[in-house]
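Pasting the sequence and the predicted model now:
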Amino acid sequence: MADTFEIQDLHVKIEEREILKGVDLVVRKGEVHALMGPNGSGKSTLANAILGHPKYTVTSGKILMKGENILEMETDERARKGLFLAFQYPCEVPGVRQSNFLRLACNARAGRDMDVMDFYKKLEDKMKVLDIDEKFLKRYLNEGFSGGEKKRNEILQMMMLEPEFAVMDETDSGLDIDALKVVSRGVNELRGPGLGILIITHYERILRYINPDFVHILVDGKIVKSGGPDLAAHLEEHGYDWIIKDAEAAPAPVKG
């Protein structure tokens, strides 16, 4: 329990439309899971439900982090507990400097004020891994950033906050090959026994640089197939049609 992030029979709707129809998934610390699926399958809905976006209504099911049901927590409490979400489209926050935001976030995560020198030494080390110039710290949060800069910034935040479980929602979206390699290097630097990672992606290319332990396929709001890294390679070669047809042909579960 202490080392798991578990989604149990999760059902989520937007307004009156049900998007997730019973998702089950367990991520343990030290593991990297990839969640793939065609457009409209519910991947980003899952990411938003995990962090508690008010637009998404959980109608049934649980999300347990270390045995606690985080659905009963506010979004900021989920983050303080050690959950991190890297957004598909990080938002701009004018007027808030990068360095100030990161320090406040780290203090909130630690539950105390970090020593200033320790904070900046750690920040400098992490920025080197991601090839980020020190001028970056004086800029406002994501304001005027390119897509690649926003994604590097997300990984920098993850490296500084040291979460226990991280959800990456299509982090590879809009990245050129050089930016993708840098972002992947940051994730691989974090990879280890203290962190469980769920990578949500539409394409296999990020998984060439971040090798997952498990791959899951989401179709029409349900995980219909799970396997190893070779499953992602098979999808890259054959597309999603075959697995959609298999899911449609599968018998409906017996209730009662």
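Yep, it's here.

Identify the residues contacting Pro229.
When contacts are counted by C-beta atoms under 8 Å, 6 or more residues apart in numbering, Pro229 is found next to 207, 211-213, 215. Quick note: C-beta positions are derived from backbone N, CA and C, even for glycine.

can you tell me which of those residues lies nearest to Tyr120?
Proximity of the contacts of Pro229 to Tyr120 (C-beta to C-beta) peaks at Asn211, which lies at 32.6 Å.

Can you give me the pLDDT of the closest residue to the closest one other than its chain neighbours?
Nearest in space to Asn211, with sequence neighbours left out and distances taken as C-beta to C-beta, 6 or more residues apart in numbering, is Pro229 at 5.9 Å. Pro229 carries a pLDDT value of 92.

In three-state terms, label the closest residue to Arg205 other than its chain neighbours for me.
Among residues not flanking Arg205 along the chain, Asp172 sits closest, at 6.4 Å (C-beta to C-beta, 6+ apart). Following DSSP: H, G, I helix; E, B strand; the rest coil, we place Asp172 in the coil state.

Of the contacts of Pro229, just the buried ones, ChimeraX syntax please.
To isolate the buried ones among those in ChimeraX, judged by 16 or more other C-beta atoms under 10 Å, type:
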select :207,212,215
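
in stretch 210-229, what counts as buried?
Under the neighbour-count criterion of 16+ other C-beta under 10 Å, stretch 210-229 has 210, 212, 214-224, 229 buried.

tell me how far stretch 27-45 is from the chain's mean position?
Mean-position distance between stretch 27-45 and its chain equals 8 Å (C-alpha atoms, centre = their mean, to the nearest Å).

ranges for the strands of the stretch 1-150 of the chain?
With DSSP state E, counting those that start in this stretch as the criterion, the stretch 1-150 of the chain has strands at 4-14, 17-28, 32-36, 57-65, 68-69, 83-86, 93-97, 140-141.

what's the longest one packed up against?
In this case it means strand 17-28. Here strand 17-28 touches strand 4-14, strand 32-36, helix 43-51, strand 57-65, strand 196-200, strand 222-227, going by 3 or more C-beta pairs under 8 Å, 6 or more residues apart in numbering; DSSP states H and E.

count of residues packed around Ser158?
For the record, residue 158 is Met, not Ser. By other C-beta atoms under 10 Å, the residues close to Met158 number 22.
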